[in-house]
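Undergrad: Here's my sequence, what's the structure:
(one chain, ligands or ions: 1)
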Amino acid sequence: MVLSKTASESDVSIHSTFASRYVRNSLPRFKMPENSIPKEAAYQIINDELMLDGNPRLNLASFVTTWMEPECDKLMMDSINKNYVDMDEYPVTTELQNRCVNMIAHLFNAPLEESEVAVGVGTVGSSEAIMLAGLAFKRKWQNNRKAQGKPYDKPNIVTGANVQVCWEKFARYFEVELKEVKLSEGYYVMDPVKAVEMVDENTICVAAILGSTLNGEFEDVKLLNDLLLEKNKQTGWDTPIHVDAASGGFIAPFLYPELEWDFKLPLVKSINVSGHKYGLVYAGIGWVIWRGKEDLPEELIFHINYLGADQPTFTLNFSKGSSQVIAQYYQLIRLGMEGYRNVMENCHENAMVLKQGLEKTGRFNIVSKDHGVPLVAFSLKDNKRHNEFEVAEMLRRFSWIVPAYTMPADAQHVTVMRVVIREDFSRTLAERLVLDITKVLHELDSLPSKLAVAAQQNGKNGTVVKKTEMETQREVATYWKKFVLDRKTIKNKIC
Ligand SMILES: Cc1ncc(COP(=O)(O)O)c(C=O)c1O
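TA: Modelled structure (predicted):
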């Protein structure tokens with residue numbers, strides 16, 4: 001989607017140094033060129049531009065897999081030209097997706113009889129999975145209300161304010177009111193007691209997160225289940241639970257097998273998980289599993305027959321690649337329970353190394369929990385002189401991509417930085433990151449505080465202008481870029 005500004009809007013052409021061996025003319029940036037160019041030139045031009053993207057392995061902002069084994073890369077490349085939806089033409093690929101659905105359903109303790117097949121589907125990611133799960137809840141609720149002769153035009157869903165944006169999208173796209181339980185300082189997940197208080201007869205489900213995006217913490221699904229069972233008994237309602245296990249779905253079964261969060265709890269009717277996060281597959285795969293057939297209204301399933309035999313589909317998109325499904329199957333059989341456990345334990349240990357290193361600096365409060373998604377979320381103990389955005393910005397110079405963000409309501413005054421520990425983030429990298437953060441802190445200590453800079457800027461024309469937080473941040477960033485650049489020149493490009 002092109003709603004954002006591009007890096008250099010004034011420059012309407014794309015130039016390339018190496019490609020001048022093949023082409024001399026620059027290419028229009030936003031219009032299709034009139035003429036063809038040699039394939040080598042096209043490759044070189046694009047390759048050169050892409051060099052300016054960050055290094056995915058150092059992108060610590062993302063949960064999404066950035067490394068896979070070469071054998072799996074090969075399988076993916078070999079199936080890059082297979083459209084997943086052509087199920088009749090690629091029946092083996094369809095079979096592999098069905099095996100994945102069943103393996104994941106068993107992993108989540110779906111109550112299946114010995115020969116019963118699981119109900120679920122592969123999606124592009126957890127977002128699509130959540131749209132489908134949400135639609136199933138909405139339709140089921142509407143059907144019940146119609147059957148009871150009650151109004152069915154004001155559905156709502158209860159979540160914590162910490163939900164990922166895909167829940168807000170679901171609510172807006174599919175016209176469901178989102179009732180969010182507010183957070184508070186020091187408590188960054190949905191409080192089950194408050195969530196259940198917010199449930200009313202129009203609530204289609206309560207969504208709990210197994211691994212909050214903001215700090216990796218697992219929400220207490222067991223407590224939510226117990227409280228909701230009680231409320232359902234008192235009211236006669238039948239409010240169900242969805243678990244958004246985008247990250248935690250491939251962590252909890254291996255690191256915390258005793259934790260009760262999945263289909264073992266009677267009110268959990270559907271669960272989503274991102275195959276491309278701790279499922280260990282490159283971007284483009286998610287899964288949604290339903291407890292049983294009765295939880296997915298039949299009228300949402302479409303049947304097509306023009307590609308061959310009758311094919312049931314329940315997805316938002318029609319065509320999509322097969323590679324990710326095949327890669328997911330590879331990971332499930334290649335690693336098995338043992339392999340996933342090893343990977344997750346290793347991630348957890350590396351998260352602890354990073355956490356301890358950060359604690360040793362004495363400068364940070366740790367906002368994540370040891371029990372949860374292997375990530376470390378932290379904020380500065382004192383961010384009056386310099387804040388987390390500034391630390392994140394300066395870390396870029398060491399090629400680290402670490403996000404800084406403010407928490408949602410009612411904890412928006414708290415800013416955190418977050419490092420996601422993936423399989424390819426080693427202990428050595430964790431130790432290196434601590435060293436680089438320490439360097440950044442020392443450098444920041446020698447810089448003037450953002451308040452002093454802002455005051456200096458305000459005083460320039462003699463008047464004091466009240467600036468927004470964003471304006472102040474921008475000013476500080478500009479000031480620093482200049483400061484760092486000046487230092488670079490002085491120190492003969494040492495930093
Ligand atoms: C808790 C949670 N739910 C849903 C999503 C969306 O997942 P996806 O990127 O697979 O669509 C994310 C992504 O980070 C997440 O953390």
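Undergrad: can we go C-alpha only for contacts and neighbour counts from here?
TA: Fine.
Undergrad: bridging residues for the closest residue to H371 other than its chain neighbours?
TA: Of all residues not flanking H371 in the chain, E217 sits nearest, at 7.1 Å (Cα to Cα, 6 or more residues apart in numbering). Residues found in beta-bridge contact with E217 (criterion: DSSP bridges) are G372.
Undergrad: quick one: contacts for E217?
TA: Taking Cα atoms under 8 Å, 6 or more residues apart in numbering, we find E217 in contact with 189, 210-211, 368-369, 371-373.
Undergrad: What subset of those is buried?
TA: Judged by neighbour count, with 16 or more other Cα atoms under 10 Å as the criterion, the buried members of the contacts of E217 are 189, 210-211, 368, 372-373.
Undergrad: So which of these is the closest to the ligand?
TA: Nearest to the ligand among those is G211, at 6.0 Å by Cα to the nearest ligand atom.
Undergrad: okay if I get the buried ones among the contacts of E217 as JSON lines plus distance to L335 and pLDDT?
TA: Below are the buried ones among the contacts of E217 laid out as JSON lines (distance: Cα to Cα, whole Å; pLDDT from 0 to 100):
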{"residue": "V189", "distance to L335": "31", "pLDDT": "97"}
{"residue": "L210", "distance to L335": "22", "pLDDT": "98"}
{"residue": "G211", "distance to L335": "22", "pLDDT": "96"}
{"residue": "S368", "distance to L335": "28", "pLDDT": "96"}
{"residue": "G372", "distance to L335": "21", "pLDDT": "97"}
{"residue": "V373", "distance to L335": "19", "pLDDT": "98"}
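Undergrad: which bits of the chain sit near the ligand?
TA: Contacts of the chain with the ligand, taken as Cα under 6 Å from any ligand atom, map to 125-127, 164, 166, 209, 212-213, 244, 246, 274, 286.
Undergrad: Using PyMOL, define a selection of the buried residues within the residues you listed.
TA: Only the buried members of these enter the following PyMOL selection, criterion being 16+ other Cα under 10 Å:
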select buried, resi 125+126+127+164+209+212+213+244+246+274+286
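Undergrad: For the chain, which helix extends over the most residues?
TA: Among the segments of the chain that qualify as a helix by DSSP state H, the longest is helix 323-361.
Undergrad: centre of the chain versus the following helix or strand past that helix, how much separation?
TA: Taking DSSP states H and E as the definition, the helix or strand that follows helix 323-361 towards the C-terminus is strand 364-366. Centroid separation between strand 364-366 and its chain, computed with Cα atoms, centre = their mean, to the nearest Å, is 22 Å.
Undergrad: who does strand 364-366 pair up with?
TA: According to DSSP bridges, strand 364-366 forms sheet pairs with strand 375-380 (antiparallel).
Undergrad: where's the partner strand relative to the chain centroid, distance-wise?
TA: Distance, stretch centre to chain centre, for strand 375-380: 17 Å (Cα atoms, centre = their mean).
Undergrad: re the thing from before, could you pull out the buried residues of the longest helix of the chain?
TA: Of the residues in helix 323-361, those buried by neighbour count under the rule 16+ other Cα under 10 Å are 323-332, 340-341, 343-355, 357-358.
Undergrad: go on, stretch 183-202?
TA: For stretch 183-202, using 16+ other Cα under 10 Å, the buried residues are 183-184, 188-192, 195-196, 198-202.
Undergrad: swap in stretch 225-242?
TA: Residues 225, 227-229, 231-232, 237-242 are the ones in stretch 225-242 that count as buried (16+ other Cα under 10 Å).
Undergrad: same question, stretch 107-117
TA: Neighbour counts using 16+ other Cα under 10 Å place 107-110 of stretch 107-117 among the buried residues.
Undergrad: Out of those, name the ones that lie in helices.
TA: For the buried residues of stretch 107-117, the ones inside helices are L107, with DSSP H as the criterion.
Undergrad: can I get the buried residues of stretch 107-117 in CSV with pLDDT?
TA: Formatted as CSV, these follow (pLDDT from 0 to 100):
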residue, pLDDT
L107, 98
F108, 98
N109, 98
A110, 98
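Undergrad: and the buried residues of stretch 107-117, which two are the farthest apart?
TA: Of all pairs drawn from the buried residues of stretch 107-117, the one with the largest separation by Cα to Cα is L107 and A110; the distance is 7.8 Å.
Undergrad: Restricted to helices, list the residues of the chain next to the ligand.
TA: Among the residues of the chain next to the ligand, the ones falling in helices (DSSP H) are 126-127, 166.
Undergrad: Check the burial of the closest residue to E128 other than its chain neighbours by counting its neighbours.
TA: Leaving out its chain neighbours, the residue that sits closest to E128 by Cα to Cα, 6+ apart is L316, at 7.0 Å. Around L316 there are 12 other residues, counting by other Cα atoms under 10 Å.
Undergrad: any weak-confidence spans in the stretch 1-150 of the chain?
TA: Using pLDDT under 70 as the threshold, the predicted model of the stretch 1-150 of the chain has low-confidence ranges 1-11, 16-23.
Undergrad: That one: helices as residue ranges?
TA: Chain-ordered helices for the stretch 1-150 of the chain, with DSSP state H, counting those that start in this stretch as the definition, fall at 39-50, 70-78, 91-107, 126-147.
Undergrad: Pull the residues that contact the third one.
TA: What it means is helix 91-107. 84, 87, 112, 117-122, 253, 287, 289, 322, 325-326, 328-329, 332.
Undergrad: Buried residues, that helix. List them.
TA: Under the neighbour-count criterion of 16+ other Cα under 10 Å, helix 91-107 has 93-94, 96-105, 107 buried.
Undergrad: nearest spatial neighbour of the residue of the stretch 251-400 of the chain at minimum distance from the ligand, skipping sequence neighbours?
TA: When scored by Cα to the nearest ligand atom, the stretch 251-400 of the chain has S274 as its residue closest to the ligand, at 4.7 Å. Leaving aside its chain neighbours, S274 sits nearest to G286 (4.1 Å; criterion: Cα to Cα, 6+ apart).
Undergrad: Could you verify my assumption that K381 touches V367?
TA: No. Using Cα atoms under 8 Å, K381 and V367 do not qualify as a contacting pair, with a distance of 11.1 Å.
Undergrad: In contact with the closest residue to L112 other than its chain neighbours, which residues are there?
TA: Once flanking residues are discounted, L112 sits nearest to A118: 7.0 Å by Cα to Cα, 6+ apart. Shown in contact with A118 (Cα under 8 Å, 6+ apart): 101-102, 105, 110, 112, 289-290, 292.
Undergrad: Can you give me the distance of A351 to N365?
TA: Distance, A351 to N365, by Cα to Cα, to the nearest Å: 15 Å.
Undergrad: just the angle between the longest helix of the chain and helix 70-78, please?
TA: Between helix 323-361 and helix 70-78, the angle comes out at 140 degrees (axes from the mean of the first three to the mean of the last three Cα atoms, to 10 degrees).
Undergrad: and helix 323-361, what other elements does it pack with?
TA: Packed against helix 323-361 by the contact rule (3 or more Cα pairs under 8 Å, 6 or more residues apart in numbering; DSSP states H and E) you find helix 70-78, helix 91-107, helix 252-255, strand 364-366, strand 375-380, helix 427-445.
Undergrad: so where's the stretch 301-450 of the chain shaky on pLDDT?
TA: Residue ranges of the stretch 301-450 of the chain with pLDDT under 70: 306-309, 450.
Undergrad: Please repeat the previous calculation with a cut-off of 80.
TA: Of all residues in the stretch 301-450 of the chain, those with pLDDT under 80 make up the ranges 304-311, 450.
Undergrad: Pull the residues that contact stretch 419-439.
TA: By Cα under 8 Å, 6+ apart, the surrounding residues in contact with stretch 419-439 are 57, 60-63, 65-67, 278, 343-344, 346-348, 350-351, 353-354, 357-358, 361, 374-377, 391, 395, 398, 400, 402-403.
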